[in-house]
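In: what follows is a predicted structure for the sequence shown.
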Amino acid sequence: MFNWLSLVTGFFYIVLGVVVIIYKFFFTILEPMVAYALGGLLILYGVFRIYRAILKIKNSGNEE
């Protein structure tokens, strides 16, 4: 269950990163370069969480 929740969380990080880049807002108005940097980091972290969750799901399927 935790692995599937990690997949959903990764997806939301990616969506949040895209929203920060488009609206340039994250609790306060951001400068464009800051918005791009923060949005990029959020997207990268979301991809990392999804990748890690997929690996754990595949490994748990092989152990059973």
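Out: That came through fine.
In: what's the pLDDT at Leu41?
Out: pLDDT recorded at Leu41 is 97.
In: I figured it hits Val20, correct?
Out: No - using C-beta atoms under 8 Å, Leu41 and Val20 do not qualify as a contacting pair, with a distance of 9.4 Å. The way it works is simple: take the backbone N, C-alpha and C, and place the C-beta from them, glycine included.
In: tell me which of the two has more neighbours.
Out: Using other C-beta atoms under 10 Å, the more surrounded residue of Leu41 and Val20 is Val20, with 22 against 13.
In: how about that one, nearest residue that isn't a chain neighbour?
Out: Gly39 (4.0 Å; C-beta to C-beta, 6 or more residues apart in numbering).
In: in the helix or strand that neighbour falls within, which residues are buried?
Out: In the assignment (DSSP states H and E), Gly39 maps to helix 32-63. For helix 32-63, burial by neighbour count (16 or more other C-beta atoms under 10 Å) applies to 35, 38-39, 42-43, 45-46, 49-50, 53.
In: make JSON lines from those and add distance to Ser6 to it.
Out: Listed next are the buried residues of helix 32-63 as JSON lines, based on distance: C-beta to C-beta, whole Å:
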{"residue": "Ala35", "distance to Ser6": "26"}
{"residue": "Leu38", "distance to Ser6": "21"}
{"residue": "Gly39", "distance to Ser6": "21"}
{"residue": "Leu42", "distance to Ser6": "15"}
{"residue": "Ile43", "distance to Ser6": "16"}
{"residue": "Tyr45", "distance to Ser6": "12"}
{"residue": "Gly46", "distance to Ser6": "10"}
{"residue": "Arg49", "distance to Ser6": "6"}
{"residue": "Ile50", "distance to Ser6": "8"}
{"residue": "Ala53", "distance to Ser6": "4"}
